[in-house]
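1. Need a 3D model of the following:
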Amino acid sequence: MIDPVAFPATTRWPAAHPDRLQYYGVPTPNGVKVSIMLEETGLPYEVHLVDFAKNDQKSPEYLALNPNGKIPAILDPAGPGGAPLALFESGAILLYLADKTGLFMPPGAAERWQTIQWVMFQMGGVGPMFGQLGFFTKFAGKDYEDKRPRDRYLDETKRLLGVMDVALTGRDWFMGDYSIADISMLGWVNGLVNFYGNGPLVGFDDFANVKAWLARGLERPAVQRGLAIPARG
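-> So this is what the prediction gives:
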């Protein structure tokens, strides 16, 4: 059982099913990595919306769960050794859930590390660069007269798409089989094209392998469900 004193997030977001993994997030590109993974694995879990409009992510209860004040986070009542485990950072959560379930991670040591390298590629490159480009095209940055900051992120986004396109040559998924490498990136590429609307700007149609990979990913029922979790209001 989860101790509310040790995990005060459970007082702000009471668990209807405390025996299930508790997921705290918003359906942003980082958040949906975890909701897609949970849907793909079939693990029983409970969803809690971290409402940015209410500044939930900066509440003492949430900061006790994730001191970085970002989403997503999880609380697994059946963590290693049967003890509850709180975890933040979407990449770490993907690795944890892959280890917990034995799913979406190749069994061989070499292939495992190659999968992890693509997750790190997403965490260090795809997410930050795609997100910054989105700031300069969809949010406040679009009003800046000086386009040099935008173009810096535009050039890097196109470079990263080129790396991805080469990696996907002759294969459906980054590791051949569907894995957390794909799960880590689907939300960001979908966001780049369908939320930020930057497909024409980056010449997305020129990256035929990435475009086909995204279409395959969006056809997966678990991905479709995960992209809308948690539902807003």
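
2. and Leu65, how many neighbours?
-> 24 (other Cβ atoms under 10 Å). For glycine as for every other residue, the C-beta is placed from the backbone atoms N, C-alpha and C.

3. what does the one 4 residues further on give?
-> Other residues near Gly69 come to 15 when the count uses other Cβ under 10 Å.

4. Let me see the contact set for it.
-> Applying Cβ atoms under 8 Å, 6 or more residues apart in numbering, we find Gly69 in contact with 57-58, 62-63.

5. For this protein, which segments count as helices?
-> With DSSP state H, the ranges of helices along the chain come out as 9-12, 29-41, 60-65, 90-101, 109-121, 127-137, 148-167, 180-190, 199-202, 208-219, 221-226.

6. okay, those in TSV with mean pLDDT and distance to Val50 next?
-> Below are those laid out as TSV (pLDDT from 0 to 100; distance: least, Cβ to Cβ, whole Å):
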stretch	mean pLDDT	distance to Val50
helix 9-12	96	10
helix 29-41	98	8
helix 60-65	97	6
helix 90-101	98	13
helix 109-121	98	22
helix 127-137	98	17
helix 148-167	98	26
helix 180-190	98	16
helix 199-202	98	29
helix 208-219	98	25
helix 221-226	98	16
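
7. Determine which stretch of these is the most buried.
-> Across those, averaging neighbours per residue (mean count of other Cβ atoms under 10 Å) puts helix 180-190 on top, at a mean of 26.

8. what's that one packed up against?
-> Applying 3 or more Cβ pairs under 8 Å, 6 or more residues apart in numbering; DSSP states H and E, one finds that helix 180-190 contacts helix 29-41, helix 90-101, helix 109-121, helix 127-137, helix 208-219.

9. Distance from the chain centre to the second one, please.
-> For helix 90-101, the distance from its own C-alpha centre to the chain's C-alpha centre is 11 Å (Cα atoms, centre = their mean, to the nearest Å).

10. residues making contact with that helix?
-> Helix 90-101 has contacts (Cβ under 8 Å, 6+ apart) with 30-31, 33-34, 37-38, 41, 43, 72-74, 76, 85, 87, 104-105, 116, 119-120, 122-123, 179-180, 183-184.

11. rewinding a little: just so I know, which of the helices and strands packed on helix 180-190 lies nearest Arg171?
-> helix 208-219 (8.5 Å; Cβ to Cβ).

12. That'll do, ta.
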